[in-house]
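J.: Build me a model:
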Amino acid sequence: MVQTRAAHSRLGRLTLTAALVALAATVSAPGAHAAALPSVVPVAETPTLHDDEAGGNADADDPAIWRDAADPDRSLVIATAKEGGLRVYDLDAREVQSVPAPTPPGPDDAPGRFNNVDLVHGLRLSTGRADLAVTSDRGNDRLRVYRVDPRRAGGPLVDVTDPKAPPVFSASQQETNEQRTAYGLATWTDPATGRGYALVSQRERTRIGLLELTANPDGTVGYRPVRTLDLPASFRLPNGTDWSPCAEPGELPQVEGMVVDPANGTLYAGQEDVGIWRLRADLTGTPHLVDKVREYGVPGTYDEESEECVAGADPGFGGERLAADVEGLTLLREADGDGYLLASSQGDDTFAAYDRELSDRNEYEGGFRVGAASATLDGSQECDGAAVLNEPLGRRYPHGLLVVQDGHDTPGATERPSTNFKFVDLGRVLDALDD
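T.: Model prediction:
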């Protein structure tokens, strides 16, 4: 069964990630840097999700923040829960809608699995302009599209996916079942043409695809491929040797976290075990590596029996601020054109901030962690996705909002895998970065 293979693959990935985190602690010694960073605390958290049969195989991953311009207090957070589909939360972090992932087409096929989500604002449909939530369905290798209708009874999300939408990367259902499928996602609207796009990464590969969103006469939304770009899988080090991140056989260093700066059409892409890339959102031109993870250049050999990497000596070619994996990327835009690129440094439970201005080459501006607010409201550990909105959101968040995934929702947790999302007052983050 594909579900069994997928579960085994996920388990292997978790084992390997744990090994790399241990490697970061012993080889690259990130503790001093992380300990020196300021801590901000969340204001609220969403209900706990459990990635087991009793919890509906729901696993919090990636959020997006939708602002209700008519009534900012009624703004929403739309978030993926993998096999649990989508969750929609109000600003008190209460669930207002649960959207299931699609059922598998056959008994031996992979189920729907929503990985990342992003928003498209004001796309012209046959029914008028609409805001859309676009999500990558890793299980079916497709994009799914939902119109945001905040006044709709029963929940704000309405499925408008073209039922004929093709796979993003797979040529057959068999390839889809192997799960080298649509993974990370970021949306982008070209200001020159008004056309909406989705940038989608491929799981266990270095490929990023550019898809144009297309509006159909019946009100549904499809997509068509424009071009693809492959990031490097191997790197020449200053000592003249070639290096690739340690991984299970056949896996290449994948990308997940992505975000586009709408002001200049710049895509930032997090290659999990390598670092953060900057490139054009239309996937033309040459990518530039903004920053590297600490583990960059550390040789490793994958041991089949233990499902762990055996590390060699650190040659000292890695970065100083990111501990693998690089995960959620989000853009904090300020009114004067300044702002920050925020990146989740999953290996040491911190967040790094880089200058948004290209003229400054995205210089590192500081970092922070999301710590516990109380005995019952913990912080964020091993964060996957993150989203930020630097606009007033009513009385709860007049300075804006940062939402981060928590990979270990700890208070009251049992042995069950427990995840959720933390809501952080953006004013606290800006104060921490200004200190």
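J.: Can I get the helix or strand where residue 213 lies as PDB, trimmed to CA atoms?
T.: Element membership for residue 213 (DSSP states H and E) is strand 207-215. What follows is strand 207-215, C-alpha atoms only, in PDB (Å, rounded to 0.1, in the frame of the first residue of the first chain):
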ATOM      1  CA  ARG A 207      13.200  21.400  -9.300                       C
ATOM      2  CA  ILE A 208      10.900  24.400  -9.100                       C
ATOM      3  CA  GLY A 209       8.100  24.900 -11.500                       C
ATOM      4  CA  LEU A 210       6.300  28.100 -12.600                       C
ATOM      5  CA  LEU A 211       2.500  27.600 -13.200                       C
ATOM      6  CA  GLU A 212       0.100  30.200 -14.500                       C
ATOM      7  CA  LEU A 213      -3.300  30.200 -12.900                       C
ATOM      8  CA  THR A 214      -6.100  30.200 -15.500                       C
ATOM      9  CA  ALA A 215      -9.700  31.200 -15.000                       C
END
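J.: Just read off the phi/psi values of residue 359.
T.: Phi and psi for residue 359, reported as degrees, to the nearest 10, are phi -60, psi -30.
J.: Other residues contacting the very next helix or strand once past the strand holding residue 213?
T.: Under the assignment DSSP H and E, the closest C-terminal helix or strand after strand 207-215 is strand 221-230. Applying C-beta atoms under 8 Å, 6 or more residues apart in numbering, the contact partners of strand 221-230 are 123, 125, 132, 143, 145, 160-162, 164-165, 168, 197-198, 205-216, 279, 282-284, 287. Any C-beta I mention is one placed from the backbone N, CA and C, and that applies to glycine too.
J.: got the angle for the host helix or strand of residue 146 vs strand 207-215?
T.: Using DSSP H and E, residue 146 sits within strand 142-148. If you take axes from the mean of the first three to the mean of the last three C-alpha atoms, to 10 degrees, strand 142-148 sits at 40 degrees to strand 207-215.
J.: which other helices and strands contact strand 142-148?
T.: Counting contacts by 3 or more C-beta pairs under 8 Å, 6 or more residues apart in numbering; DSSP states H and E, strand 142-148 is packed against strand 114-125, strand 128-137, strand 157-159, strand 182-189.
J.: If we use 7 Å, what do you get?
T.: strand 128-137, strand 157-159 (3 or more C-beta pairs under 7 Å, 6 or more residues apart in numbering; DSSP states H and E).
J.: neighbouring strands for the longest one, and are they parallel or not?
T.: If you go by DSSP bridges, strand 128-137 pairs up with strand 114-125 (antiparallel), strand 142-148 (antiparallel).
J.: quick check, distance from it to the centre of its chain.
T.: Chain-centre distance of strand 128-137: 17 Å, with C-alpha atoms, centre = their mean, to the nearest Å.
J.: Among the helices and strands packed on strand 142-148, which comes closest to residue 365?
T.: strand 128-137 (29.4 Å; C-beta to C-beta).
J.: Looking at the closest one now, give me its mean pLDDT.
T.: In this model, strand 128-137 has a mean pLDDT of 97.
J.: Please identify the most buried of the helices and strands packed on strand 142-148.
T.: Among the helices and strands packed on strand 142-148, ranked by average contacts under mean count of other C-beta atoms under 10 Å, first place goes to strand 128-137 (a mean of 22).
J.: Cool, thanks, signing off.
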